[in-house]
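Visitor: Quick one: sequence plus predicted model below, questions after.
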Amino acid sequence: MTNTLILWDIDLTLVNTVGMGAELYAIAFKAVTGREMGAVADMAGRTEKAILTETLALNGIETGDFAVFYTALEAAARTLEPRMRASGHALPGAAAAIAGLAGDGVLQSVVTGNLRSIAEMKLAAFGLHHAIDFTVGAYGDDDHDRAVLVALARERAQARHGLAIDPARVVVIGDTPHDVKGALDRGAIAVGVATGRSSAERLAAAGAHVVVPDLSGVVAAIRARLDA
């Protein structure tokens, strides 16, 4: 496992926040525009930049100050955090999977569509943040394309920790074909977990190197792939 970078998706891979994403957007949209949001873009496996771009277009707004919207999303998340803690949950096996992949030469972070502050909030809410190095993660305001996020996380990990990480030692774990494609486009190992709305068959069809039904077997599957 020497010089290995593990990159976790968050929503429906590690945690379930009970569909609060659309509510976050509704609150933020009204705070910024002063009117109700009519429609929100599909969120599954996508970045905040991509979701916001499409949501604005769906609501008749061609351009907007993304920084203002990001600030509003962060404020909305803080407002909803107590309810998220009460009604959301870590997915079964999440804590054990993170702990099981920890070790010398292994760095764990996130590649997520969330903003960094919201990513940290979600994992901390359910005690999953301790082994995650958020400083080298890549986030929803970095780019539309998850492949760019994978590359950014690897570059940040190498720069911050003085490592040389082969793309073949980067492991991306997620629940959607978007996660799989982002990994494949950067030469990383794609691990699909069928814990969200995408079936194991769909993840396999997207090209995932490893597909597991849940997090209970993900550590053994990843170690076997890396040791092959």
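Guide: Sure thing, it's come through.
Visitor: all contacts plus neighbour counts: C-alpha atoms, from now on.
Guide: Fine.
Visitor: measure the spatially most central residue of the chain to A86 for me?
Guide: For the chain, T112 is the residue whose C-alpha lies nearest the centre (C-alpha atoms, centre = their mean; 2.4 Å). Distance, T112 to A86, using C-alpha to C-alpha, to the nearest Å: 22 Å.
Visitor: starting at the chain centroid, how far to stretch 131-141?
Guide: 9 Å (C-alpha atoms, centre = their mean, to the nearest Å).
Visitor: swap that for stretch 80-100, sorry
Guide: Centre-to-centre, stretch 80-100 and its host chain are 14 Å apart (C-alpha atoms, centre = their mean).
Visitor: Start and end of that stretch, how far apart?
Guide: End residues of stretch 80-100 are separated by 31 Å (C-alpha to C-alpha).
Visitor: In terms of residue numbering, what are the domains of this structure?
Guide: 4-16+89-227, 20-87 (automatic domain parsing).
Visitor: Comparing those, which yields the minimum mean pLDDT?
Guide: Mean pLDDT per stretch puts domain 20-87 lowest among the domains of the chain, at a mean of 90.
Visitor: End to end on it, go ahead and measure it.
Guide: The separation between the terminal residues of domain 20-87, taken as C-alpha to C-alpha, is 10 Å.
Visitor: Stretch 126-146 too?
Guide: End-to-end distance of stretch 126-146: 25 Å, with C-alpha to C-alpha as the criterion.
Visitor: Give me the buried positions along that stretch.
Guide: 126, 128-129, 131-132, 134, 136-146 (16 or more other C-alpha atoms under 10 Å).
Visitor: returning to what we had before: with respect to burial, which of the domains of the chain scores highest?
Guide: Across the domains of the chain, averaging neighbours per residue (mean count of other C-alpha atoms under 10 Å) puts domain 4-16+89-227 on top, at a mean of 20.
Visitor: First-to-last residue distance for that domain?
Guide: End residues of domain 4-16+89-227 are separated by 12 Å (C-alpha to C-alpha).
Visitor: residues in contact with the nearest residue to A200 once chain neighbours are set aside?
Guide: Residue nearest to A200 in three dimensions, not counting chain neighbours: A194, with 5.2 Å by C-alpha to C-alpha, 6 or more residues apart in numbering. By C-alpha atoms under 8 Å, 6 or more residues apart in numbering, the contact set of A194 is D175, A200, L203, V211, V212, P213, D214.
Visitor: quick one: which of these sit in helices?
Guide: Using DSSP state H, the subset of these located in helices is A200, L203.
Visitor: Of all pairs in the contacts of A194, which one spans the longest distance?
Guide: Spatially, the most separated pair among the contacts of A194 is L203 and D214, at 12.6 Å (C-alpha to C-alpha).
Visitor: Which parts of the protein are strands?
Guide: 4-8, 15-16, 89-90, 106-110, 170-174, 189-193, 210-212 (DSSP state E).
Visitor: Distance to G45 added to the ones you listed, as JSON lines?
Guide: Converted to JSON lines, the strands of the chain look like this (distance: least, C-alpha to C-alpha, whole Å):
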{"stretch": "strand 4-8", "distance to G45": "12"}
{"stretch": "strand 15-16", "distance to G45": "14"}
{"stretch": "strand 89-90", "distance to G45": "18"}
{"stretch": "strand 106-110", "distance to G45": "13"}
{"stretch": "strand 170-174", "distance to G45": "8"}
{"stretch": "strand 189-193", "distance to G45": "12"}
{"stretch": "strand 210-212", "distance to G45": "16"}
